[in-house]
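In: Need the 3D shape of this:
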Amino acid sequence: MLKNDLLLRAARGEKVERTPVWLMRQAGRILPEYREVRAKMGGFKELVENPEFACEVTIQPVDHLGVDAAIIFSDILVIPEAMGLPYQMVEKRGPWFEKTIKCAADIDRMVVAEADGVRYTIDAIAMTKKELDGRVPLIGFAGAPWTIFSYMIEGSGSKTFSNAKKFLYTEPVLAHKLLEKITLSTINYLKGQIEAGADIIQIFDSWAGILSPEQYKEFALPYIARICDAIDEVPITVFAKGAYFVRKELGELNCQTIGLDWNMDVAESRAMIGNSKTLQGNIDPCVLYSDDETIVTKTKEMLTAFGPNRHIANLGHGVYPDIDPRKVKLFVDTVKEFRF
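Out: Have a look, this model is predicted:
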């Protein structure tokens, strides 16, 4: 039994006493306590793959920031690794794949992953659920198929993901074949997370905004829809960064919450998405570099723009690692103290 179920009630469109709040990338990055644990483990990937320490850093923001939900400490790239394409996390550079997908034979070598292929995250969820003891809900997550595909083709982060986009244009049949395998793997993985105790799921389409509307509707949205249709055990949030051009279509997905980035106007988004979905977001993370008065003012402006119904407060993207944790807590506290 959850002592604080505000997030789940808000996602389902039920009455809440106040707006719930959590932050993308809250599990780590800004907290000195996280950095201590990571240093002990030797690196990000080592931490992801250790259930005990992943559990510890997942709970830290609940203890130190007072957020209304925990999100499991993991990485979206565990799926390509479980499918047969291992990656490394290079300090100050980000993810890097020694091998990438280049042809049909490479795709044929990829397996459809089962949840057990990411056993460490499943175990971390079970452990965290037990340690939280009902204090707040636990969010599970996965990358959207297009975003996972983009890394598997490109091999690392990119400003343009031109190799991944080129593959869509030059090998559309193969692209769909790989996206199908990623989608099935993701469904298996998320169902494993739910079975282990995740109360709500978020799908991150981090690179949605680099596709054209036509490409997004062919190579991204249908696969997110497949995932949403396959999961009915818990609420689902879809966060497609930069996908302002498909907000209406996102509103038609079989999910409960749509995440907005900070470039998406609240009133316009509500008009396009409709009233049957909860909206999440969407203050610019850089606001948290401001002085205290500005943070409080901007946070209240955001809350007023969304209104009292069907809103989960968050940033418009992940919190940046050099933001002062005290400023982050001020944002959280301002949301928690605000009343309409």
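In: Tell me how many other residues crowd residue 129.
Out: Neighbour count for residue 129, taken as other Cβ atoms under 10 Å: 20. Any C-beta I mention is one placed from the backbone N, CA and C, and that applies to glycine too.
In: Now do the buried residues in the helix or strand hosting residue 190.
Out: Taking DSSP states H and E as the criterion, residue 190 maps to helix 172-196. For helix 172-196, burial by neighbour count (16 or more other Cβ atoms under 10 Å) applies to 174-175, 178-179, 181-194, 196.
In: One more: stretch 230-243?
Out: 230-231, 234-243.
In: Identify the farthest-apart pair in these.
Out: For the buried residues of stretch 230-243, the farthest-apart pair by Cβ to Cβ is 234 and 242; their separation is 26.0 Å.
In: Point out the other helices and strands that the helix or strand where residue 47 lies packs with.
Out: According to DSSP H and E, residue 47 maps onto helix 44-48. For helix 44-48, the packing partners by 3 or more Cβ pairs under 8 Å, 6 or more residues apart in numbering; DSSP states H and E come out as helix 32-41, helix 51-64, strand 88-90.
In: Residue 139: what secondary structure?
Out: Three-state call for residue 139 (DSSP: H, G, I helix; E, B strand; the rest coil): strand.
In: so what's it closest to, chain neighbours aside?
Out: residue 71 (4.0 Å; Cβ to Cβ, 6 or more residues apart in numbering).
In: what about the one you found, how many residues close to it?
Out: By other Cβ under 10 Å, neighbour count at residue 71 equals 23.
In: check contacts around it.
Out: With contacts defined as Cβ atoms under 8 Å, 6 or more residues apart in numbering, residue 71 is in contact with 22, 24, 26-27, 58, 138-141, 202.
In: got these as JSON lines, with distance to residue 159, neighbour count and pLDDT columns?
Out: JSON lines is the format used below for the contacts of residue 71 (distance: Cβ to Cβ, whole Å; neighbours: other Cβ atoms under 10 Å; pLDDT from 0 to 100):
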{"residue": "22", "distance to residue 159": "28", "neighbour count": "25", "pLDDT": "98"}
{"residue": "24", "distance to residue 159": "20", "neighbour count": "22", "pLDDT": "97"}
{"residue": "26", "distance to residue 159": "26", "neighbour count": "29", "pLDDT": "95"}
{"residue": "27", "distance to residue 159": "26", "neighbour count": "25", "pLDDT": "87"}
{"residue": "58", "distance to residue 159": "30", "neighbour count": "27", "pLDDT": "98"}
{"residue": "138", "distance to residue 159": "33", "neighbour count": "25", "pLDDT": "98"}
{"residue": "139", "distance to residue 159": "28", "neighbour count": "25", "pLDDT": "98"}
{"residue": "140", "distance to residue 159": "29", "neighbour count": "25", "pLDDT": "98"}
{"residue": "141", "distance to residue 159": "24", "neighbour count": "22", "pLDDT": "98"}
{"residue": "202", "distance to residue 159": "24", "neighbour count": "22", "pLDDT": "98"}
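In: Not counting sequence-adjacent ones, nearest residue to residue 77?
Out: residue 87 (5.0 Å).
In: Tell me how far the one you found lies from residue 80.
Out: The spacing between residue 87 and residue 80, counted by Cβ to Cβ, to the nearest Å, is 7 Å.
In: ok, these two, which is more surrounded?
Out: Neighbour count, other Cβ under 10 Å: between residue 87 and residue 80, residue 80 has more, with 24 against 21.
In: Pick out the residue closest to the middle of this structure.
Out: Nearest residue to the geometric centre of the chain (Cα atoms, centre = their mean): residue 204, 4.1 Å.
In: Direction included, what does the helix or strand that contains it pair up with?
Out: Element membership of residue 204 [criterion: DSSP H and E] is strand 200-205. Its sheet considered, strand 200-205 pairs with strand 138-143 (parallel), strand 236-240 (parallel) by DSSP bridges.
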